[in-house]
Each structure stands twice: as structure tokens, then as C-alpha cells.
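Enquirer: With the input below, show me the fold.
(2 chains)
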Number of protein chains: 2
Amino acid sequence: MTTTARRVHLVARPTGLPDDSTWSVRETELAPPAEGQVLVRTTHLSLDPAMRGWLNDVRSYVPPVGVGEVMRAFGVGTVLESRHDGITVGDTVTGTLGAADHAVLPGDQLTVVDLAVAPATTWLGALGMPGMTAWFGLFDVARARPGDTVLVSGAAGAVGSVVGQLAKAHGCRVIGIAGGPEKTRWLTEELGFDAAIDYREGSLHRAVRAVAPEGVDVYFDNVGGETLDAALRVLRRGARIAICGAISTYNATEPAPGPAHYMSLLVNRASMAGFLVFDYEDRYTEAVEGISAMLRAGTLTAREHVVSGGVDAFGDTLLMLFSGGNTGKLVLELSA
Amino acid sequence: MTTTARRVHLVARPTGLPDDSTWSVRETELAPPAEGQVLVRTTHLSLDPAMRGWLNDVRSYVPPVGVGEVMRAFGVGTVLESRHDGITVGDTVTGTLGAADHAVLPGDQLTVVDLAVAPATTWLGALGMPGMTAWFGLFDVARARPGDTVLVSGAAGAVGSVVGQLAKAHGCRVIGIAGGPEKTRWLTEELGFDAAIDYREGSLHRAVRAVAPEGVDVYFDNVGGETLDAALRVLRRGARIAICGAISTYNATEPAPGPAHYMSLLVNRASMAGFLVFDYEDRYTEAVEGISAMLRAGTLTAREHVVSGGVDAFGDTLLMLFSGGNTGKLVLELSA
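Expert: Below you'll find the model as predicted:
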């Protein structure tokens, strides 16, 4: 018996922000799972800034999504049929399910998750790619140490909100950069950040100096553009910058300028390193255990911004990432 | 008895290239050395790109030279009088002598050098700051390993020419970037570089790709600007960039644009670190021994571009660095 899947296809590469002409939702009959495969009903789709990069026809760390193909997306779903050892009907799984309400996938590309540990949405957030990114970016790439002053941009986003809380728990002083008073208030009042700066208000590097006169030891960058350039101006000697993303530039139609103050790296004997969470796959367990323990202890707040709708809502929901519309991890919960 | 010193004073901070209005040569009577001090007749002055930075009134790794002060400069000289234990009349010493023909300095700020190991000019080049910079930048900051493809800009300069030769001796493949056919020929025919690219000819990143289709593991940057941006486009996975200088931008009157392709650091899990040779002072002996051994074995060519004249020639000689007029370490040999 086949299953009807509604799937979001990339039909035209966008210039600037994606729009309705970018996507087409199509129905397809999925053949039943072959040996080793699993049929999943996707319950939650992850919306990630990196998706914008996957739409460009350029060489990168993964191939771009091809025109005509189903959009690449992480998700969580329920197993409806399984021909893979170790996955049972009724299991909740996560993986690269694609932007669709159903998928047939090799079982070895899926991970069974425990909803007793955290709800499905958190498995796409603090216990998913964003959490892994925060953990390895902060501890391995930026080498945050107790006593460090840590600055993080996109601080109210999926990755940044975890970075700041991990850094606090690690004994760092944490300054978040976010857009608007609601987000900055959330960071300081709910998440325990030492300070939060609204990047929309005045000079960013002066605002950082005001709360960190000695400068910062770590800058975790999710935003790029002028924010990165401002951060370069407030480095302490020996500072480390982790380049996680550059969401401010992803929809630019002109080449975005580079960070003009990069020579601060020399003056301050500082470094700037890019990373990809996928390189840490062998060590995800370490991060999942660390973050779950904090969730259980109540020392980490996992917040997801959940939009409900069908796969047709995928395109509009994605845009919230670029307008600053979400606080915490943005998830599309698919109506059954 | 006093000694008459002719000294180059900074009298006006330059905008863009320094010119005659920047400097004033003045005569001063130096008091005889006090206890612990030494009177030196400077025989050789070092001209360094970093000098341009010292002329700007900005916070950096050293205070700027004050208006009215004698210009900071490394040099080599002969000891005429000594009241410091361990330094004898007739010794050859090196240190921050200042742009002058005579200086009285604390003996503990000077290092006695052995002209049997190398001539005075080499003690300002391969065995001086440029050589130390090359050694620690290549091995400690960029962590060059045998088999790596190493790209170096300013390759015909004091630092770059040593970087390339050290990398070759270390088992790396070396590509140099320099200005003009004479320099590129020197790099490949005399210094043993595997390839040399004239940055004045066509697209730099394409030229690097042509000789290193897989990209580069190490980029040692002396130049900044468009050269750094081109290098970012040819990184291999895990590449390391050492930021040593940015001579192409030092005389810019508008803020120089940053490296637009910095997100290549993320795609390639690469890093970019700035450094200052002075932080390695405790380990200079290691580099001096390593480089002297190569000089003795004939496996490293130390080339100095020597201009003869009085201290009055300081200003014009410095400009050669920015017009690409020198090949190898630029030195002003003071007429006695």
C-alpha cells in the first residue's frame, strides 16, 4: 500500500529572501519501505538559518538542494512502518526527514529519541543540531573557560540561547546580542545572561564596552556582518571567535562586506575559526548527556517557538528566522 | 664628553604615505652612558612595514610613536662605550636603537650578536625580527606540517622569503605571491619555491587554483586586502591562516574593506589567527639556532636589500617598502 506524502519542493533558486515562487508543495505516492527502510509521519519540522545557504548553487559543506528536489530539513516523526532492526512502529525518530509530512528513509539515517527526556520540539532545539552546535562551538572551537567574558550574537535564537546558558553554567560572564527589548529582557530575566544588548539601538561596540570595559574573551557569532565587525573591536588579548553562522548576510543580493576590523586579531593575538557541527557527530552523546542533565536539573531553559500548520506553511515560517520573528528554536508542528 | 647624535623625529602624523613633512632630522648632544648604559654607533637601521602602524595615534600592541619623539627602529651598531656588565667596547649589538646614528641605551635592552655567524644585515633579517616572525608564525601559529601546501604573500619580503624557505625545508609545497616577474623568478629559481604568482597579473584566486587545484593548507598573510580575500577562496578543509601583517592597507586613507570571503572559514572548518613575534621572546634562541643552522648548511638564503646613506635617507628608504621596491630585508646602512 502506498502513502500519500505532501512535500515541499525547491522550484526556483531565490535571489534575496525566498518567496512563494521558491517553493511548490506536491503530492507523491510513497512506495512502502523496502528492507532496512522506515516510513515516518513527520510531526515537527526544524527551520534553520542554514537552509538559506542550501538554496544557493554554490560549492559548500553540503551540496545545494537541487531545483525540483524536496527541500532538505531536519524533523521529528512517528514511525508508521519499519523494516529496520532496532526501530519499531510507534517510535519517535529524528533525522534529515525532508520538508514533507511523510517520508520513507533508511533506518540507519534516523535516531530514536526518548520523549521522556524532552518533548519532540526540544529534540530539534537544545537536544538537536542547535544544542550540539552550541556545545561544541563554545567548548571546542571557542575554548570557553571559567571566568571568561563570552559575547554571543543571535542570543535569543536556537543556538545562541543555549550558548549563553552553557557559558553561564561553565562560570563565564555572558553578554547576549539580540533584536528588541522583549528578547533582551528574556535573556537577562529568564536565562540569566549578565547583560543583553539590543543591536537595533546605537553603536554596538560601544554598548559592549559599556558592559565589558575590558573586552571579551570569546565571541560566538551567529550573525556576521556589522555585528561581527563590532565584536572584533572589543576583543581582549587571546580572544577566540567561533564562526557559527552569518544570518544577517544570507539573503543579501550584493556581496556582503567583510569584517573591516579583522586586524584586531593581530593586535590582540586572537583567532577566528569556523566550524560545522556535523564534524562532531561521533561526540553528540557527550553533548546530549550534558544538556539533558541541565534540563533535568532545571539549569537550562529550552525554548521553542512553535508554529502549527501544514507543510504549506513551510515557506512563510522559514522567513520568520530572517525577520527576527522567533525567540528560541523555530519549529513547524505539522497538523496530523 | 658628549656625543652628537643625528636623530629622525616624527614631527607630523601622516595621512596616507609618510612624506618629508612627517620627519625632521635633528642633532642632539647625548650625555655619556650612566651606570648600566651603553653608547652605540648605529651602523644599520631596519625598515619594517610595522613602522607605518606606529605612526598612527591608535591603541595597538605598542604605544604609537609620539609626535616630537625619535622614531622607533630596530638596528645594529657598534659599542663605543659601555657601563654594562657583559657588553664590551667594540661589541656588535642589536635592539630597538631608534632611527639615529648614535644612541645611549640600557645594556639590558641590547643583544650582542656574533658577526662570525652572519653579517650585521642578516641580524636584522633572517636572524632578526623578520626571521623570528617567520619561524613562529609558520610553525606555531599556522602549524605547518610536512606535506602541507603553504601559500605566502609578500613572499619576496623579509618575512615571506624566510617563511617560504622554512616551509620548503619542512617538507611543504610552497607558493609565493609577489609583485613583478623579477621577484617571482627569484622565488622559484633562487629560493626553491614550487610556484610564484605575480599578484599584478589577473585573478589571484584563479592563479592559486591553477597551481594548487586542491587549495592550500596554510596561508601566511603579510599583505591583507584583496590578497587575503583571494586566499580565503582557496582554502582546503582545516586550513590555518596566520595574520602577520597587512601592508597593502597601511597607507589607506579610507577604511580598508574586510575580507568578504571570511565565511570560507566555516565551510572549510578553517581558522585565522593573528600574532605578534614579541610574545615568543622567550623562545627566540630556538629560532636563531634553527635558522643559523640552515644558513651554515646553505639551505636558507638570507637576502638583504641594503641602501647606503645617512639617517636623512630614513624617510625615503621606508617608502620603498610600500612601493614594492625591495627584495628581501630592507636595511639602511649608515655611512660612518
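
Enquirer: and the stretch 51-200 of chain A, which residues reach chain B?
Expert: A:59, A:60, A:61 (CB under 8 Å from any CB of the partner chain). Every residue, glycine included, has its C-beta placed from N, CA and C.

Enquirer: contacting residues for the residue nearest the centre of chain A?
Expert: Taking CA atoms, centre = their mean, the centroid of chain A lies closest to residue A:130, which sits 4.1 Å from it. Residue A:130 makes contact with A:48, A:124, A:157, A:158, A:159, A:162, A:329 under the criterion CB atoms under 8 Å, 6 or more residues apart in numbering or on different chains.

Enquirer: What of residue A:223?
Expert: Residues in contact with residue A:223 (CB under 8 Å, 6+ apart) are A:153, A:154, A:177, A:245, A:246, A:247, A:248.

Enquirer: Can you tell me which of those residues are buried?
Expert: Buried members of the contacts of residue A:223, counted by 16 or more other CB atoms under 10 Å in any protein chain shown: A:153, A:154, A:177, A:245, A:246, A:247, A:248.

Enquirer: which one of those sits closest to chain B?
Expert: Closest approach to chain B among the buried ones among the contacts of residue A:223 (CB to the nearest CB): residue A:246, at 5.8 Å.

Enquirer: hang on, that closest one packs against residue A:221?
Expert: Yes: contact criterion CB atoms under 8 Å: residue A:246 and residue A:221 qualify, at 7.3 Å.

Enquirer: So for the two, which residues contact both of them?
Expert: Common neighbours of residue A:246 and residue A:221, using CB under 8 Å, 6+ apart, are residue A:228.

Enquirer: and chain A, what are its domains?
Expert: Here the domain parsing of chain A from automatic domain parsing is A:3-123+A:302-334, A:129-278.

Enquirer: ranking those by burial, who's on top?
Expert: Greatest average neighbour count among the domains of chain A goes to domain A:129-278 (a mean of 22), per mean count of other CB atoms under 10 Å in any protein chain shown.

Enquirer: ok now that one, how far from the chain's centre?
Expert: Centre-to-centre, domain A:129-278 and its host chain are 15 Å apart (CA atoms, centre = their mean, to the nearest Å).

Enquirer: follow-up on the earlier one: tell me the confidence at the residue nearest to the centre of chain A?
Expert: pLDDT recorded at residue A:130 is 98.

Enquirer: Distance-wise, check it relative to chain B.
Expert: 16 Å (CB to the nearest CB, to the nearest Å).

Enquirer: can I assume that residue sits in a strand?
Expert: No: under the criterion used here (DSSP: H, G, I helix; E, B strand; the rest coil), residue A:130 is helix, not part of a strand.

Enquirer: State the distance from it to residue A:9.
Expert: 25 Å (CB to CB, to the nearest Å).

Enquirer: just residue A:272 next, same as before
Expert: Taken as CB to CB, the span from residue A:272 to residue A:9 is 37 Å.

Enquirer: same thing with residue A:74?
Expert: The gap separating residue A:74 from residue A:9 is 17 Å, by CB to CB.

Enquirer: starting at the chain centroid, how far to stretch A:269-286?
Expert: Using CA atoms, centre = their mean, the offset of stretch A:269-286 from its chain centre is 14 Å.

Enquirer: Do me a favour and get the end-to-end distance for it?
Expert: Taking CA to CA, to the nearest Å, stretch A:269-286 runs 31 Å from one end to the other.

Enquirer: residues in contact with that stretch?
Expert: A:61, A:129, A:132-133, A:135-137, A:140-141, A:235, A:237-244, A:262, A:264-265, A:287, B:262-276, B:279.

Enquirer: Could you tell me which of these belong to helices?
Expert: Mapping the contacts of stretch A:269-286 onto helices (DSSP state H) picks out A:129, A:132, A:133, A:135, A:136, A:264, A:265, A:287, B:264, B:265, B:266, B:267.

Enquirer: returning to that earlier point: closest one of the contacts of residue A:130 to chain B?
Expert: Using CB to the nearest CB, residue A:159 is the member of the contacts of residue A:130 that sits closest to chain B, with 13.1 Å.

Enquirer: Ramachandran coordinates for the closest one?
Expert: Torsion angles at residue A:159 (phi, psi; degrees, to the nearest 10) stand at phi -80, psi -50.

Enquirer: Alpha carbons only: can I get the helix or strand hosting residue A:8 in CSV?
Expert: Taking DSSP states H and E as the definition, residue A:8 sits inside strand A:3-10. Output in CSV follows, covering the C-alpha atoms of strand A:3-10 (Å, rounded to 0.1, in the frame of the first residue of the first chain):
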residue,chain,number,x,y,z
THR,A,3,1.2,6.5,1.3
THR,A,4,0.4,10.0,0.0
ALA,A,5,3.1,12.5,1.0
ARG,A,6,2.8,16.2,0.7
ARG,A,7,6.3,17.5,0.1
VAL,A,8,7.9,21.0,-0.3
HIS,A,9,10.0,21.2,-3.5
LEU,A,10,12.5,23.8,-4.3
